[in-house]
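> I'd like to go over a predicted model; first the sequence, then the structure.
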Amino acid sequence: MTPFAPHVYADRRRRAAAQAAHAGLDGLLVTPGPDMTYFLGHTPVTTERLTLMVVPAAAGTGQAVGTPDGGPDGIVQALAVVPRLEEHDLRLRAVGPVETVAWADGDDEHSAAARLLRAGGRYAVSDSAWALHVLGLQRALPGATFEPFTRALPMLRAVKSPEEVARMAAAGAAADAVFAEILRRPFAGRREAEVAADLEALLREHGHEQVDFTLVCAGPNGADPHHEPGQTVIREGDTVVLDFGGLADGYGSDTSRTVHVGEPTALEREVHDVVRAAQQAGVDAVRPGATCQDVDRAARRVIEDAGFGEHFIHRSGHGIGLTTHEPPYMVEGEERPVEPGMCFSVEPGVYLPERFGVRIEDIVVAFPQDLPGEARRLNVSSHELQIVG
């Protein structure tokens with residue numbers, strides 16, 4: 001991932017400290033993974049050795065003992081507890097200065113980290129934190145409580161900056177280019193896994209450093225939304241769901257299109273038309289004042305009105321950014337308002353058991369500067385039912 005300027009990461013820590021204070025937290029405990037990349041521009045390898053970044057809550061909420069205070073501009077400095085053998089590498093690769101507290105093999109690393117925290121404090125911990133380390137911190141600081149980021153601060157990374165949106169737009173354009181190329185490849189007579197391998201190779205050719213999934217779901221397998229491509233041979237007359245994505249320059253792509261091998265039946269065309277209309281309704285629902293559940297409701301209503309409601313068996317969308325699934329989620333019960341800069345999928349589907357499935361998915365960004373009252377699609381490939389050979 002090409003790093004942003006140092007002030008970007010410092011400002012993220014400042015905003016996170018303010019959010020932590022507003023949520024009544026004493027601070028954030030950030031472990032290797034996307035959260036650490038977000039705050040430091042680098043994440044060390046994840047191992048059984050504890051690496052932990054501490055972001056204290058803004059002043060006035062019982063700031064963590066021993067953590068560096070914000071400077072005159074309110075920027076919270078970076079502080080990481082790190083194995084001594086990885087200390088130099090972290091200092092070298094992190095964007096901007098980072099203060100480290102190193103521990104050596106044989107030390108009690110959880111006690112070392114606990115000395116930086118407040119007894120009886122309340123902390124949010126990265127969702128990807130190992131249970132080994134969360135439980136170790138609980139033993140070392142029994143009066144403290146720990147909550148996952150998704151529960152305590154679900155919107156921490158949800159609103160993207162214009163620079164982040166630009167990277168996501170590039171990732172989306174790359175996925176569109178992959179779809180255009182895969183349409184020119186043969187489907188009939190090939191195994192799902194072979195087409196999936198083509199998708200992976202094409203994603204990498206178009207700039208993805210990481211490929212997270214390449215789903216190819218032929219015929220009845222399309223009724224399983226997360227079917228893993230296998231040895232099923234794609235045949236004439238199959239509806240095929242394609243869902244693929246990964247990370248390009250650190251930010252996610254994720255798109256679904258449904259194709260057909262040869263001429264589709266009337267039912268297959270009908271279902272595809274219904275899903276296409278539902279997907280459009282979901283995108284159209286992204287308006288000022290809308291909530292996340294409004295997007296789900298709009299897409300779901302179209303499918304229910306067409307008589308296929310029981311066959312739409314998942315939420316209508318998920319946030320995307322440094323990972324391909326993250327908050328916010330477009331699902332009933334999520335009353336959080338859609339905010340400018342939120343990036344998420346809109347991906348309704350209909351799945352007819354033992355017959356076929358249809359899904360259409362685009363990533364959208366809410367209320368960008370060029371479309372302040374609606375969503376801009378980051379995927380613009382055709383939604384028509386494409387015929388392949």
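That came through fine.
> can you give me phi and psi for H208?
phi -80, psi 120 (degrees, to the nearest 10).
> pLDDT wise, what is it at?
On pLDDT, H208 comes in at 98.
> isn't it right next to A248, touching?
Yes - if you go by CB atoms under 8 Å, H208 and A248 touch, sitting 4.7 Å apart. C-beta coordinates here come from the backbone N, C-alpha and C atoms, glycine included.
> give me the common contacts of these two.
When contacts are counted by CB atoms under 8 Å, 6 or more residues apart in numbering, H208 and A248 are jointly contacted by A171, A174.
> and M330, what is it in contact with?
Listed by CB under 8 Å, 6+ apart, the contact set of M330 reads G282, C292, Q293, V295, D296, R315, S316, G317, H318, F344, S345, V346.
> wait, the fourth one touches H318, no?
No - with contact defined as CB under 8 Å, V295 does not reach H318; the gap is 11.0 Å.
> what do the two both touch?
Counting by CB under 8 Å, 6+ apart, the shared contacts of V295 and H318 are M330, F344.
> who has more neighbours, the two?
V295 (33 against 22; other CB atoms under 10 Å).
> can you pull out the strands in the stretch 101-250 of the chain?
Remark: strands assigned in the stretch 101-250 of the chain by DSSP state E, counting those that start in this stretch are 122-125, 145-148, 210-218, 239-248.
> distance of G341 from A375?
As defined by CB to CB, to the nearest Å, G341 lies at a distance of 11 Å from A375.
> neighbour count winner among the two?
Neighbour count, other CB under 10 Å: between G341 and A375, A375 has more, with 26 against 17.
> ok, what's across the strand from that one?
Applying DSSP bridges to A375 gives these bridge partners: A366.
> which residues touch it?
The contact partners of A375, by CB under 8 Å, 6+ apart, come to V283, V286, V346, V364, V365, A366, F367.
> mind listing what's buried in the helix or strand hosting A17?
Assigned by DSSP states H and E, A17 belongs to helix 6-22. By neighbour count on 16 or more other CB atoms under 10 Å, the buried set for helix 6-22 is V8, Y9, A10, D11, R12, R13, R14, A16, A17, Q19, A20, A21.
> where are the low-confidence patches of this structure?
Where the chain drops to pLDDT under 70, the residues are 60-76.
> so it: which segments form each domain?
6-152, 162-388 (automatic domain parsing).
> okay, these, which one's buried deepest?
Highest mean neighbour count of the domains of the chain: domain 162-388, a mean of 20 (counted as mean count of other CB atoms under 10 Å).
> and that one, how far from the chain's centre?
Its chain's C-alpha centre lies 14 Å from the corresponding centre of domain 162-388 when counted by CA atoms, centre = their mean, to the nearest Å.
> what do G341 and A375 both touch?
Contact criterion CB under 8 Å, 6+ apart; residues shared by G341 and A375: V365, A366, F367.
> touching, the second one and R287? I think so.
No - taking CB under 8 Å as the definition, A366 is not a contact partner of R287, at 9.2 Å.
> next helix or strand past the helix holding A17?
Sequence order places strand 27-30 as the next helix or strand after helix 6-22, per DSSP H and E.
> contacts for that following strand next, please.
The set of residues external to strand 27-30 that reach it, using CB under 8 Å, 6+ apart, is 16-17, 20, 36, 39, 52-57, 63-64, 67, 117, 121, 123-126, 129, 137, 146, 149, 153.
> please name the nearest non-neighbouring residue to P186.
G389 (6.0 Å; CB to CB, 6 or more residues apart in numbering).
> tell me who's in contact with that neighbour.
G389 makes contact with P186, F187, A188, V261, G262, according to CB under 8 Å, 6+ apart.
> top helix in the protein by residue count?
helix 162-182 (DSSP state H).
> helices or strands up against it?
helix 192-205, strand 239-248, strand 251-261, strand 343-346, strand 362-366 (3 or more CB pairs under 8 Å, 6 or more residues apart in numbering; DSSP states H and E).
> kindly reformat those as CSV containing distance to G172.
What follows is these, written out as CSV (distance: least, CB to CB, whole Å):
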stretch, distance to G172
helix 192-205, 12
strand 239-248, 9
strand 251-261, 6
strand 343-346, 10
strand 362-366, 5
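> these: which one's closest to D89?
strand 239-248 (21.5 Å; CB to CB).
> angle of that closest one against strand 210-218?
180 degrees (axes from the mean of the first three to the mean of the last three CA atoms, to 10 degrees).
> what pairs with strand 239-248, parallel or antiparallel?
Strand 239-248 has these strand partners (DSSP bridges): strand 210-218 (antiparallel), strand 251-261 (antiparallel).
> can you list the ones you listed in JSON lines and add distance to G357?
Formatted as JSON lines, these follow (distance: least, CB to CB, whole Å):
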{"stretch": "strand 210-218", "distance to G357": "6"}
{"stretch": "strand 251-261", "distance to G357": "8"}
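> nearest to D305, out of the ones you listed?
The nearest among the strands paired with strand 239-248, by CB to CB, is strand 251-261 at 20.2 Å.
> kindly format the C-alpha coordinates of the closest one as PDB.
Output in PDB follows, covering the C-alpha atoms of strand 251-261 (Å, rounded to 0.1, in the frame of the first residue of the first chain):
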ATOM      1  CA  TYR A 251      -8.300  -0.500  -0.600                       C
ATOM      2  CA  GLY A 252     -11.100  -2.900  -1.500                       C
ATOM      3  CA  SER A 253     -13.000  -3.900  -4.600                       C
ATOM      4  CA  ASP A 254     -16.000  -6.200  -4.600                       C
ATOM      5  CA  THR A 255     -18.400  -6.700  -7.500                       C
ATOM      6  CA  SER A 256     -20.900  -9.300  -8.500                       C
ATOM      7  CA  ARG A 257     -22.400  -9.900 -11.900                       C
ATOM      8  CA  THR A 258     -24.500 -12.800 -13.300                       C
ATOM      9  CA  VAL A 259     -24.000 -14.200 -16.700                       C
ATOM     10  CA  HIS A 260     -25.600 -17.000 -18.700                       C
ATOM     11  CA  VAL A 261     -24.200 -19.700 -20.900                       C
END
